[in-house]
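**Q** Prediction below, plus the sequence it came from.
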Amino acid sequence: QAPIKATCEEDTSCKTGFPEDVHSAVVSRSVHGGQPLLNGLSHRQCAALSPWHLPASEWHSAQAQDAGAHVVLGGFQLLSICPGWLMCPPQGKENNARWAKEGRLTFERYLTGCRNQRRRKIEDIVFPWQQYKHSSPLKRQKRDWVIPPINLPENSKGPFPQELVRIRSDRDKSLSLRYSVTGPGADQPPTGIFIINPISGQLSVTKPLDREQIASFHLRAHAVDVNGNQVENPIDIVINVIDMNDNRPEFLHQVWNGTVPEGSKPGTYVMTVTAIDADDPNTQNGMLRYRILSQAPSSPSPNMFTINNETGDIITVAAGLDREKVQQYTLIIQATDMEGNPTYGLSNTATAVIAVTDVNDNPPEFTAMTFYGEVPENRVDVIVANLTVTDKDQPHTPAWNAMYRMTGGDPTGRFTILTDPNSNDGLVTVVKPIDFETNRLFVLTVAAENQVPLAKGIQHPPQSTATVSITVIDVNESPYFVPNPKLVRQEEGLLAGSMLTTFTAQDPDRYMQQTSLRYSKVSDPANWLKIDPVNGQITTTAVLDRESIYVQNNMYNATFLASDNGIPPMSGTGTLQIYLLDINDNAPQVHPKEATTCETLQPNAINITAVDPDIDPNAGPFAFELPDTPASIKRNWTIVRISGDHAQLSLRIRFLEAGIYDVPIVITDSGNPHASSTSLLKVKVCQCDLNGDCTDVDRIVGAGLGTGAIIAILLCIIILLILVLMFVVWMKRRDKERQAKQLLIDPEDDVRDNILKYDEEGGGEEDQDYDLSQLQQPDTVEPDAIKPVGIRRLDERPIHAEPQYPVRSAAPHPGDIGDFINEGLKAADNDPTAPPYDSLLVFDYEGSGSTAGSLSSLNSSSSGGEQDYDYLNDWGPRFKKLADMYGGGDD
């Protein structure tokens, strides 16, 4: 069945028409002839109007006869129905006014997606009329009418141009008018859609319209006279394009991806899918409804999800989402317009892929209750056991990644458990050394858990706890010195051969059968000590000196080694620290060793300092004095101590001639017993200016060179002599090589060591003027004595004793090369076996006799003509050629 709406609209100035605006009826799709559509419908007729009726037999063609009504069909064809029972007043003329009455009868189909065809009689649109008062220059103009919009369905099939309305003016009776329309669709882009007949004012559409491109057109109608003067004010014409359901819904994405946690409760939001329809969203053509067509897989329920048919929100409707069983669901979503009407609506589909995300609903479980491992003692950063677990959650997620912790068995923290990121195994690692003699076995209790807590309501099973048994392996350990380092306090000056101390080590391996330790010295910078290899007793080999460069802050360090005979042998080192106590074994010295003063009495003070390698109380304060001899020292100089370490030397006389003077100074320290020494201070006396600066220092320094300057001069002289000697030797060697090169042959011409002995054929006119045999190496000539005995040919050279060619030494002196060549030439001239230049040389002689028969024995006893070669034809195709050659007759 299809609902039908009948509407009658009319102007209120005339009451003629239907008493109600809307009349509804329900009819079957298969309406047959003579079946009433609507009962109880009455009509009032205005005065002076003749009744109008539309025969129902013509509804299917939507033809309006002499009427201003239009019929809208809902996409189906009404069959012949009894005529004459519905009436609507025609458009007429009352009180000299056109369009005073309007009646409209409409049949519309609800909830259909078919195109509505609207046919009607061409209406007239009249420009608003104006009234004029002839007695007054003023004129009164009636207000403009609001022209109702023209509704034109899209996608009309024509024929085109299709007439819409007719534009008219009341003044066309007295004037010749021209009509035109302007606006988008007429003279503005898109142009040419609407045209108007300039004479009759008939407005037409030239092509089908598309509401999705332009939903409405706003035109203006104009009326002018033949001179182009405006006769009427322009009127606005609005043409609305009526939407038809000509567009399918389109999803924004063909594939939608969403996620939902496993174990979600019913009603959990998953995702939203969205489709759009290009049709008018305010009509049923653009109202979409969603639904789920299919779900794959269908476990644990075929309806795990539902969708809001208006918003497209997908939510869960059933419990039982388990990622470990189903990791992904695929839904086919359908969107249908016409509010989801499956008969008349257009639809489209898309795919929704919903991934079930993992939650920590599976705790890690150990594959065994007890794990075993072993570790050698004193080893760190080694893996002693692998703990394997299983977890059904998604790998490499926080719900799968395992963390291990020790709950017992390791109070000192000697172990830690790391997690292998790839396998999720627990790696039990030693982080502190373990002593076999103290602990031989560890039993650890280990628990496994994930990086994130378990889901609510899930507890850790007993399989999440395991025991790890670790056995410690005894190994040969290094001996160690006790104490290390060992400190010994000793006065310096201890003589060589004195026993200093005993430095011994201990072996921690109490359960191994080993002999005693052996000791040796590793480091002794001053080579003062030695150690007994058996008992570790240390004695001195030199006098201990605190002032040695190897002593730092009174401390001398030596390192010793203790070794056992285990497998493998192990050793350990220990440091002996000797704190040397100072004795007064060093006398003080003056510093600096040189000074400068003026030859006059004032100013002539020289400040000196006493330096003693010893320390308190064997150092300062010091006593300074001048010796009694020679007498000139005290006569010319005087010394005064100004502090414990410093003194001042000055002239006693008024004038001392410029020069260099050695002044001895006796310095005594405060040690017990005292130590004193006489130090020479080289004083340079010079002439001074008014400021006390020497003016002839260069002359004095030149007169007396220091030790360093003398050594430098000697070194320069020695280096110069060495360079001269090397130059002379080089010149002599160069002369000798030059003389030797005159006797030597150019290396490119020396063929003695370049040409090997081959078998020269010799002879001929092209031979050169020298005998090649003389250039052979004498030691490579093959003697004839080793050749086999046989009869020689006449052209072979006779057997004679080989001449004795001179033998060249391995490294002859260059001067002997000429003698060597002359001797070789003489031996070659006296050689009776040397062939002449044009003789034929013999290389290999096979002999005159042979055990093999002559090749002539192969000759046949009879001539070839007497032989019968026909048997060659029986030997096959390979002998066919021979058969043709010998068995084919004379040819």
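**A** Perfect, thanks for sending it.

**Q** separation between Thr259 and Leu175?
**A** Counting by CB to CB, to the nearest Å, the separation of Thr259 from Leu175 is 77 Å. All C-beta atoms are positioned from the backbone trio N, CA, C, and that covers glycine.

**Q** meant to ask about Arg738, not that
**A** Arg738 sits at a distance of 140 Å from Leu175 (criterion: CB to CB).

**Q** Who has more neighbours out of the two?
**A** The neighbour count for Arg738 versus Leu175, taken as other CB atoms under 10 Å, is higher for Leu175 (14 against 9).

**Q** Leaving out chain neighbours, which residue sits closest to the more buried one?
**A** What sits nearest to Leu175 in space, not counting adjacent residues and going by CB to CB, 6 or more residues apart in numbering, is Asp225, at 5.4 Å.

**Q** What's the local residue count around the one you found?
**A** Burial of Asp225, expressed as a neighbour count using other CB under 10 Å, amounts to 13.

**Q** show me what contacts it?
**A** Neighbouring residues of Asp225 by CB atoms under 8 Å, 6 or more residues apart in numbering: Leu175, Ser176, Leu177, Arg178, Val231.

**Q** Name whatever forms a beta bridge with it.
**A** Using DSSP bridges, the beta-bridge partners of Asp225 come out as Leu177.

**Q** Could you report the separation of it from Asn197?
**A** When Asp225 is compared with Asn197 (using CB to CB), they lie 17 Å apart.

**Q** Next: Asn636.
**A** To Asn197, Asn636 is 150 Å away according to CB to CB.

**Q** What is the least confident helix or strand in this protein?
**A** Every helix and strand of the chain was ranked by mean pLDDT, DSSP states H and E. The lowest is strand 97-98, at a mean of 32.

**Q** Sketch out the low-pLDDT regions of the stretch 401-550 of the chain for me.
**A** Scanning the stretch 401-550 of the chain with the threshold set as pLDDT under 70 gives 511-515.

**Q** Kindly apply the preceding question to the chain instead.
**A** If you take pLDDT under 70 as the line, the chain has these spans: 1-122, 127-146, 511-515, 602-603, 696-706, 740-815, 832-867, 887-891.

**Q** Mind naming the longest strand for it?
**A** strand 230-242 (DSSP state E).

**Q** Direction included, what does it pair against?
**A** Paired strands of strand 230-242, with direction, are strand 150-153 (parallel), strand 216-225 (antiparallel) (DSSP bridges).

**Q** Outside of that strand itself, list whatever touches it.
**A** Residues from elsewhere that reach strand 230-242, judged by CB under 8 Å, 6+ apart: 116, 118, 125, 127-128, 144-145, 147, 149-154, 164-165, 167, 169, 171, 175, 177, 181, 185, 194, 203, 209-211, 214-225.

**Q** filter these to the buried ones?
**A** Burial of these was assessed by neighbour count (16 or more other CB atoms under 10 Å); the buried members are 116, 125, 127, 150, 152-154, 164-165, 167, 169, 177, 181, 185, 194, 203, 209, 211, 216-217, 219, 221-224.

**Q** Wait, Gly574 touches Thr502, no?
**A** No - using CB atoms under 8 Å, Gly574 and Thr502 do not qualify as a contacting pair, with a distance of 11.8 Å.
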